[in-house]
Each structure stands twice: as structure tokens, then as C-alpha cells.
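> I'd like to go over a predicted model; first the sequence, then the structure.
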Protein chains: 2
Amino acid sequence: MSDLKRSWITSANSESTDFPLNNLPYGVFSVDDGDLRCGVAIGDRIIDATGLEQAGHLRADPEADVLDAPYWNDFMELGARAWSAYRAALTEMLAEGADEATQDIITTFSVPMAEATLHLPFRVAEYTDFYAGRHHATNVGTMFRGAENALPPNWLHIPIGYNGRASSVVVSGTEIRRPWGQLKSPDHDTPIFAPSRRFDIELELGAIVGTPSEGPLTVDQADANIFGYVLLNDWSARDIQAWEYQPLGPFQAKATATTISPWIVTAEALRPFRVSTPEREVPLLPHLADTTPMNHDIALAVSLNGEEIARTNADELYYSAAQQLAHHASAGSPMRAGDLLGSGTISGPEKENRGSLLELSWGGKEPLETASGPRSFIEDNDTLALHGASHGNGYRIGFGPCEGEVIPAAEDPFTG
Amino acid sequence: MSDLKRSWITSANSESTDFPLNNLPYGVFSVDDGDLRCGVAIGDRIIDATGLEQAGHLRADPEADVLDAPYWNDFMELGARAWSAYRAALTEMLAEGADEATQDIITTFSVPMAEATLHLPFRVAEYTDFYAGRHHATNVGTMFRGAENALPPNWLHIPIGYNGRASSVVVSGTEIRRPWGQLKSPDHDTPIFAPSRRFDIELELGAIVGTPSEGPLTVDQADANIFGYVLLNDWSARDIQAWEYQPLGPFQAKATATTISPWIVTAEALRPFRVSTPEREVPLLPHLADTTPMNHDIALAVSLNGEEIARTNADELYYSAAQQLAHHASAGSPMRAGDLLGSGTISGPEKENRGSLLELSWGGKEPLETASGPRSFIEDNDTLALHGASHGNGYRIGFGPCEGEVIPAAEDPFTG
């Protein structure tokens, strides 16, 4: 297990911070309604990476101001070697033993995190949602098709997924308005247009493509192209989904919003926590087969109004993000810096490991008992939050918050 | 039926041109490997709209250079009133009777179309593909599920669709490389990874969102937000699709490429050709119901290696683009300038009206006899083209070419 790297910013050395020197995640922040700037979290501070670049103290690219933007996409396009060099340089400036001049520069170009507003850390190019958690696929399949046919025939051979709506991705803290949609009860012959009654969360890990590509990718190439990870809540209207999803898949059920955590935790920061995917029931074809461990040991949890209601781990994913990306590129689609790949809901083997209310309440048949009352699905004004961290020796690689309050549906959807 | 507007550019007055003064479609062009510029087609010439803006002769926005870009998106964001004013001003400059000084300006800021290379006319924000053609849905459903269950239960109530991959949209003329993919024959227990053997076209109409929006839209609001239309060929690997599409819908089957015609034909140019949607079997819910005619009478055709193999009409669409967009926004997803909405394949009632080889060859059971030999699906080096035009009195509103040659699959997909 890897050890804490100590920083002269003492708040970064606490066992309880999400942001030790080992982490250095990338975000976008503003202070007092000022410009949006690229920042790096360390302890209770945010380093103004845009400012460091402008002043010439730390540049990722000698030729171009890649951080002179309200997103990290231009930086991502520089590729893995540049990411690593930048991170190494920043680590040196922040490590215990940095000289006083360096400490003065960092102090000048940093702000207390408590004073900052966080924004989407990257411009979401396109958004894809996979279905790579076996327990979730099995639970949902059992509810909808029975235990005998729980997993679709393709499920053990490819990480199936669907394209989502990039424009609906929002940063943690954004209020989520309950959607209207077309719903059809099994008891009725015709559908109605009404607010969703079965609005839900999905606990996922989001992978962010950094290096653009044009054609098919091997799993190793795909892995090298992934810049980092965020927590991702794919808000889901189960009643809209049930009516719409055959035969073209989920569409408006997933279109309201997807919330991500505000800090991109880099693939490099998570490297010490790499683990293998679960044992395979059938071998994968060579183009998708595991090469080295590419899953991550990340403890995950869900809370409802501050109360933990589920806990699981990203190591449950049957397909790593690299395998998802390799499949995604297999038919030749170009991939871009800022493409966001949701893993699909990550559930574990036990009831308390389920990453959606659909599973926790077994489709509403076994409402969950919570301090806020029984819950089959989300009620108005509930706040749902995801939590995630990898645990090293004396430190944690945290993702920061991924939460949203569900506010009531509009009375008339066409006037807001 | 509306009449030809005559232009002093005489090639625009020919009955055979796609680009009379009544059309004025928007594209992006370059000459001799120079900069990409915004252009407007008229007769056999392209007006350099970027140049007219820079020189101050014709500006869509007095404050901003919205055409100083290799795409029309910034112009689109100005909204319908600005679109209309710009079109009216340009029409006046090009109409018979324009003064000599104006004619000199236009002559200075235009190039022969034959000397120009055409590019994607807009930055595709996101791409969505609907399934709004009833004959196509019925044909495909009959092949896959039998005549009794041809239409999915939701089909008559909502324009079902799925999100596609914007990065894969290319302009007419781009070569299309046959994709590899995971395929499973019904005769085998396990899949293989191989080049697609059932690669196909889909004849569609693409609608382009111009005005951005944040919440649900009425059908009338949606209609007003649509900037224009293109022909769209949604290349489809039927064998990849058959294995992957349950339960999340098409994914890699549609990821290789989608070809669009290079000129955005504006909603305003198509206004004289508005027609009602076909008679409804069951009424739509009020939020999707027809208000005024929003379909278009556009004659469409498909050719294979120059030989026409199918002809149909956009008036066959059961749901207009406005209805597609209203449904798309219903759960609250923001829509952006440059969102592209494919209609789904437009087939007609007869065999010769079918807009895909899947239908024309009835799943390969009845190969189509062509001058290039029998065809069940696309063979290597086949060139497929879509054609479209609305016919007025003495003129046609044409879309220009929408074609692509299918080149052989890579020998090793991971090295190109």
C-alpha cells in the first residue's frame, strides 16, 4: 500500500482530507462571481492553475495557454506524457521541502476552497452510459425478466451501453427538477403525460477520455487515453424508461440530468489502487480481454438526506473503463477529449450494496426504511449524494461531493 | 404552388439547379486549401458570407462576427428573427433588379462552386436518431417480430429515438470504411470479432436545432427553434445491431459514420412545401399533437453506383421534426444550436419506396437486382447516394449530394 506524500500545506496531510498531495484532482472554480479558472485541490485550498500558467510559473505547454479556459479539455488533449510531467512538477512545488520562493508563489496563486464555487471541470464532449456492473444487471434483469433470463445474452461478451445526452450533465450541487414524461401503467390502455413517480439514482463511476482517437483502440491504448475519473449519478425516471425503452433503449428516462463530482481524480492518482476485474464466467474475445489490472478499489456509498443507505466498491465492475472505451471505439467512432463514459450502476452482492433505489426497494415492493421515512423512489426535496474514496497508508484519494436535491416538478412543464 | 424568384445570377434561374434564389442554403467551403468560410449556394456559385460580414456589406449581428468561424452555429444562436432578416437582405442583393454596385460586391465575394471544397456546415453539438417513419418501423418489425407485433406498443404515442454519436457525423463525399464489430450468428454459441457483413444505409431527413432551449418545448416552440434540414444517411451495421441492441438499443451498429449533405436548407426555404403528417391511428397526447402542417413534401431517392434503387417522400414521416424535438426536450434536457435530429428511415408503402437495403432485400432473402449485380447489403467500393428536392413552380429546392463510397474494412482494425 502506498504512503502519504507530505505537503507543506498542512491541511493536505490530514487523514480525513479528500485531497492529499497524492491526489491533486483538477477542477474549475470561481471566487466572488469572478472568471471561471482551472484549479487543483490540495487540502483545504485550490491552486489557481490558470494563474500559475499566465504568470509563467507552471506551464503544461510552452507554446499554448491550455488553461486559459473554463475547462481542462485543452490540457487533456496534450496526452499522457504531458499530464504526467505537469503532475510531477506540481507535486514538487507542493511537497515538503519546497523552497520559500515556491511556497510564496503557490500561496499567491491559491484560494481557500471554502470561498470558491465549483463548476463542471470539463466540457462534456459526448456522454455514454454503460451497464458494466454485473450485480446491477442481474438485479434489474431478475425484476424485469425473471432470474432465468436476468443477464441479456450479449452481456458477458461486450460492455453494452448507450449514448446519453451530454447537455444534461451538471456539477454536484445543481438542483434537479423532477421531470414530466410519458408514462403508461400496465393497468391502462393508453399513456399519460405527468411528472415521473419513480425517479431514481444510479451510483456510477465516470471515466473521462483525455487523448482523442480516430479508429478502433486496443484495451491498452484505451487505458492510456483515459485522463481521470469522477463520481456520476445518472438520475433515472424508471416509469418513463419502462414505457419508452423497447426497442431503442433509454432516452427521456435519462435526459433530465446526470450529476458529476467537481474534481477529476486523475488515472495517475488512482494507479496504486488498481485491481483486477472479477472472475470471468466466459472468456472475452481477444480485442476486449484483460491485459493488466485496470479496475480500481474505490469505496463507494450513497446517502439520502445525509444518511448512508448503500455502500459498494468500484472493483465490482465486470468491465473496466478501458474495456468500455475499447468497445466504444470498435466500430470506428472518433473519441474526443471530454468524452464521459458512465460505468452503469455499481451494486455489490448484498442488499446493502445496491446502487439504485430500484434495487434497494426491489422495484418498490420492499420500501427502504430510512430516517426520512420509507422510500421506494425519490421524494420531493430529498437530497441524494454519492461518496467515493480510495484508501492508502495514512491518506485517502477522495472525489469530493456528488449530490443534488430533487425539487418538485413544474406545475406546467411548458412554462417552467 | 410558389413561383421561382429570379436572380441576376442566371444559373440560379435554371429549372435544373438545386440552388435557385428561393433556396439560399448555408454551407462551409474552402478554395485551394485555404481557410474554411461560411458560404451560401446560389446557382453555380457560392457567396462568401464570411467575407461579406468582414467587409461590412452584410451582417447578421451588428455587434459580433458570427460568421468568422468554420460553422454556422453562432449565426443559428441568433434565433429565428435574425435568420429571417439575414435571408431577406441576401435575397434582395441577389434578386433581379439589384443595382450594379451590389452586383459588383457579390461578384467580388463569391466563387464558382466547381472550385470549392465543401465541409460540414455546422458543428454537430449532439446527434439523435429517431424512428419516425411508419413504413420502415413496420417493415423492420415484421421481419424481426412478425406482422402481428410489427409496431412496438409505444410507437403510435411517442416518436421513439436514441442518442447517436455526434463525432461520427461526416460530410457528403467522405469515404466510409466498413467497420469491424462483434457479431453472433444464430448458428453459433459464441460471437466473433470480424468486419460487418450486413452494412447498410438509412435514408433520413436531418433537422438542425438553431435556437438553444433549457426545458420542455411545445410543438410550436420546437418548430420555431429548427433552423434547417439536411439529407442524412445513417450507415448501419445490421449484424452488429442484431447482437448488441437488446436491451439498451443500437450503439456500435451506428457508430461508424453518418453522412449529411453539405448544405443546410433552411426551414424558411421549405415553408411553401409544408404538408400535414399522415392520418393518425390513435390521437397523440396534447403535448405532442399536431397544430399546423409541419411535415414537408420533399421527393427523396437512393442510388447505388449511380442507379436509382428507391424513391420515397419526406411526407411519409408519422412525426414531424418539431414533434421529435418536442419529445426530445420533454424531460428537461437542454437543446443546443447544432443538435442534429435524424428522422429515422423514410420508406413508403411500396417495395420501391424502401429507404434501406434491409427492407429492399427483405433481410437478404430477396436480393435486389441492380446493374452492379445482386445486392442484399453494401459491397466494398459501392457508392451510395441520397437525393432530395422540393418542387415549386419552375424551380426546385435541392439539398445537394449526400453520398459516400464504402471502402474495404481494415485488415487489422487496430492499426488502420
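That came through, no problem. Nothing here was measured: the structure is a model prediction, and the numbers come from that model.

> ok, A:P70 to A:Y26 distance?
A:P70 sits 12 Å away from A:Y26, going by C-beta to C-beta, to the nearest Å. The way it works is simple: take the backbone N, C-alpha and C, and place the C-beta from them, glycine included.

> please apply the same query to A:D380.
Shown here: A:D380 relative to A:Y26, a distance of 34 Å by C-beta to C-beta.

> more crowded one of the two?
Comparing A:D380 with A:Y26 by neighbour count (other C-beta atoms under 10 Å in any protein chain shown), the higher total belongs to A:Y26, at 27 against 12.

> tell me which stretches of the stretch 201-350 of chain A form strands.
Secondary structure of the stretch 201-350 of chain A by DSSP state E, counting those that start in this stretch: the strands cover A:203-209, A:226-234, A:236-237, A:258-260, A:265-266, A:274-275, A:295-296, A:299-304, A:307-313, A:340-342.

> which one, of the ones you listed, ends up nearest to chain B?
Nearest of these to chain B, taken as C-beta to the nearest C-beta: strand A:236-237 at 6.7 Å.

> distance from the closest one to the middle of the chain?
For strand A:236-237, the distance from its own C-alpha centre to the chain's C-alpha centre is 17 Å (C-alpha atoms, centre = their mean, to the nearest Å).

> give me the helices and strands touching that strand, please.
Applying 3 or more C-beta pairs under 8 Å, 6 or more residues apart in numbering or on different chains; DSSP states H and E, one finds that strand A:236-237 contacts strand A:199-200.

> beta partners for A:E204?
Beta-bridge partners recorded for A:E204 (DSSP bridges): A:L232.

> how many other residues sit next to it?
The number of residues packed near A:E204 is 31, by other C-beta under 10 Å.

> go on, A:S30?
16.

> returning to that earlier point: could the strands of the stretch 201-350 of chain A go into a markdown table alongside mean pLDDT and distance to A:K184?
Listed next are the strands of the stretch 201-350 of chain A as a markdown table, based on pLDDT from 0 to 100; distance: least, C-beta to C-beta, whole Å:
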| stretch | mean pLDDT | distance to A:K184 |
| --- | --- | --- |
| strand A:203-209 | 98 | 27 |
| strand A:226-234 | 98 | 22 |
| strand A:236-237 | 98 | 13 |
| strand A:258-260 | 99 | 25 |
| strand A:265-266 | 98 | 41 |
| strand A:274-275 | 98 | 43 |
| strand A:295-296 | 98 | 39 |
| strand A:299-304 | 98 | 28 |
| strand A:307-313 | 98 | 29 |
| strand A:340-342 | 98 | 27 |
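
> now render these as CSV, adding distance to A:S390.
Below are the strands of the stretch 201-350 of chain A laid out as CSV (distance: least, C-beta to C-beta, whole Å):
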stretch, distance to A:S390
strand A:203-209, 11
strand A:226-234, 10
strand A:236-237, 26
strand A:258-260, 18
strand A:265-266, 8
strand A:274-275, 10
strand A:295-296, 7
strand A:299-304, 7
strand A:307-313, 10
strand A:340-342, 19
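
> give me the secondary structure label for A:A41.
For A:A41, the assignment made with DSSP: H, G, I helix; E, B strand; the rest coil gives strand.

> for chain B, what's the nearest residue on the stretch 101-250 of chain A?
Here the stretch 101-250 of chain A gets closest to chain B at one residue, A:G249, 2.4 Å apart by C-beta to the nearest C-beta.

> and stretch A:116-126, end to end?
End-to-end distance of stretch A:116-126 (C-alpha to C-alpha, to the nearest Å): 27 Å.

> got a list of contacts for that stretch?
Outside of stretch A:116-126, the residues within contact range by C-beta atoms under 8 Å, 6 or more residues apart in numbering or on different chains are A:26-31, A:36, A:39, A:46, A:70-73, A:76, A:163, A:166-167, A:169-173, A:208-209, A:230, A:260, A:262-264, A:336-340, A:400, B:126, B:165-167.

> the lengthiest helix in chain A packs against which elements?
In terms of residue count, the longest helix belonging to chain A (DSSP state H) is helix A:80-94. Packing partners of helix A:80-94 (3+ C-beta pairs under 8 Å, 6+ apart): helix A:73-76, helix A:100-108, helix A:267-270.

> what's in contact with the longest one?
Contacts of helix A:100-108 from elsewhere in the structure, counted by C-beta under 8 Å, 6+ apart, are A:W8, A:I9, A:I47, A:L52, A:A55, A:H57, A:M93, A:L94, A:A98.

> list the buried residues in whichever helix or strand comes after it.
Later in the chain than helix A:100-108, the nearest helix or strand by DSSP states H and E is strand A:110-112. By neighbour count with 16 or more other C-beta atoms under 10 Å in any protein chain shown, strand A:110-112 contains the buried residues A:S110, A:V111.

> pretty sure A:T190 contacts A:K184?
Yes - with contact defined as C-beta atoms under 8 Å, A:T190 counts as touching A:K184 (7.1 Å).

> neighbour count winner among the two?
Between A:T190 and A:K184, counted using other C-beta under 10 Å, A:K184 has the larger neighbour count: 19 against 11.

> so that one makes contact with A:W243?
Yes - judged on C-beta under 8 Å, A:K184 makes contact with A:W243 at a distance of 4.6 Å.
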